[in-house]
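Student: Model the following, please.
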Amino acid sequence: MTIDRAAVARNIAVVRASIDARTDRPVRLVAVTKGFDEQAVAAALAAGADGIGENYAQEMVAKAAALEASERIPGPERPSSERIPWHFIGQLQRNKVKVIVPLGVVLWQTIDRLDLAREVARRQPGAPVLVQVNTTAEAQKGGCEPDEAPVLVADCQGLGLSVAGLMTVGPAGPAEGARAGFRLLRRMADDLGLADCSMGMSADFEVAVDEGATIVRIGSRLFGPRG
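Tutor: Next up is the predicted model:
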């Protein structure tokens, strides 16, 4: 799929303007490139995205390799895979951790159980992580239960991981329906003394910012619908 780099830059500017209209607090914009190729990664970084979010280990590895080899991206604009601020934002199996550690993940956003935390700590000691919380009670969503989060945060810290905050995924449907879960996550993070809340995607990031998000994960609002 061909990426319109100018359109991506315009879309990032629109999203940032919407964020700035809602808060003076710094909010990091993570561009979610799931379903798009390496051109989307390069376009988002060139336009000033703060990070690149990937949901699938193999797709992340493939894009990193393609960025190094791509002839479709001008040399000065082709980011080295070692310098890409990768955020892993999908549900993760333990055996995939070793596959993506060499790419230099800057934030593991979906730590939702102790065995996964142990594997990340073993493969990348001191790694920055977020504990994912299921604030919607939807069985198909990842994340620990809200009442389990304090123990998991403490366990991660005990493993030497750097717990920066919490992460959640809002429910499908109208954006307003995500407000209660986002408010809960912010309150939990504050109670635990954690700075970051990663919450809000293309359909509901404005509500997330209103409720205290410090990281938003935006895909279709930047790149259009996935093929």
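
Student: can we go C-alpha only for contacts and neighbour counts from here?
Tutor: Noted.

Student: Need the contact partners of the longest helix along the chain.
Tutor: Longest helix of the chain, by residue count under DSSP state H: helix 5-22. Helix 5-22 is contacted from outside by 27, 29, 40, 43-44, 46-49, 206, 209-210, 221-223, using Cα atoms under 8 Å, 6 or more residues apart in numbering.

Student: Mind checking which of these are buried?
Tutor: Restricting the contacts of helix 5-22 to buried positions leaves 27, 29, 40, 43-44, 47, 49, 206, 209, 221-223, with burial counted as 16 or more other Cα atoms under 10 Å.

Student: List the ones among those that fall in strands.
Tutor: residue 29 (DSSP state E).

Student: ends of stretch 126-134, how far apart?
Tutor: Taking Cα to Cα, to the nearest Å, stretch 126-134 runs 24 Å from one end to the other.

Student: which of the contacts of helix 5-22 lies closest to residue 70?
Tutor: Ranked by distance to residue 70 (Cα to Cα), those are led by residue 40 at 12.4 Å.

Student: who touches the closest one in this structure?
Tutor: Shown in contact with residue 40 (Cα under 8 Å, 6+ apart): 3, 5, 33, 223.

Student: Select from the residues you listed every entry located in helices.
Tutor: Residues of the contacts of residue 40 located in helices (DSSP H): 5, 223.

Student: the bottom helix or strand of this protein by mean pLDDT?
Tutor: Lowest on mean pLDDT, DSSP states H and E among the helices and strands of the chain sits helix 57-69, with a mean of 91.

Student: which SS state does the closest residue to residue 226 other than its chain neighbours fall under?
Tutor: Counting by Cα to Cα, 6 or more residues apart in numbering, residue 35 is the residue found nearest to residue 226 once chain neighbours are left out, at 5.9 Å. Three-state assignment for residue 35 (DSSP: H, G, I helix; E, B strand; the rest coil): coil.

Student: send the alpha carbons of the least confident helix or strand of the chain over as PDB?
Tutor: Provided in PDB are the C-alpha atoms of helix 57-69 (Å, rounded to 0.1, in the frame of the first residue of the first chain):
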ATOM      1  CA  ALA A  57       6.300  -9.600  16.500                       C
ATOM      2  CA  GLN A  58       6.900 -11.000  13.100                       C
ATOM      3  CA  GLU A  59       5.500  -7.900  11.400                       C
ATOM      4  CA  MET A  60       7.700  -5.700  13.400                       C
ATOM      5  CA  VAL A  61      10.800  -7.800  12.500                       C
ATOM      6  CA  ALA A  62       9.900  -7.700   8.900                       C
ATOM      7  CA  LYS A  63       9.500  -3.900   8.800                       C
ATOM      8  CA  ALA A  64      12.800  -3.400  10.600                       C
ATOM      9  CA  ALA A  65      14.500  -5.500   7.900                       C
ATOM     10  CA  ALA A  66      12.700  -3.800   5.100                       C
ATOM     11  CA  LEU A  67      13.600  -0.400   6.400                       C
ATOM     12  CA  GLU A  68      17.300  -1.300   6.200                       C
ATOM     13  CA  ALA A  69      16.900  -2.700   2.700                       C
END
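
Student: What separation do you get for the residue nearest to residue 226 and residue 68?
Tutor: 19 Å.

Student: can you give me the strands for the chain?
Tutor: Under the criterion DSSP E, the chain contains strands at 28-32, 51-54, 86-88, 107-111, 128-132, 162-167, 196-198, 215-218.

Student: Name the residues that touch stretch 167-175?
Tutor: 109-110, 130-136, 141, 143, 177-178, 181-182, 185, 197-200, 203-204, 207.
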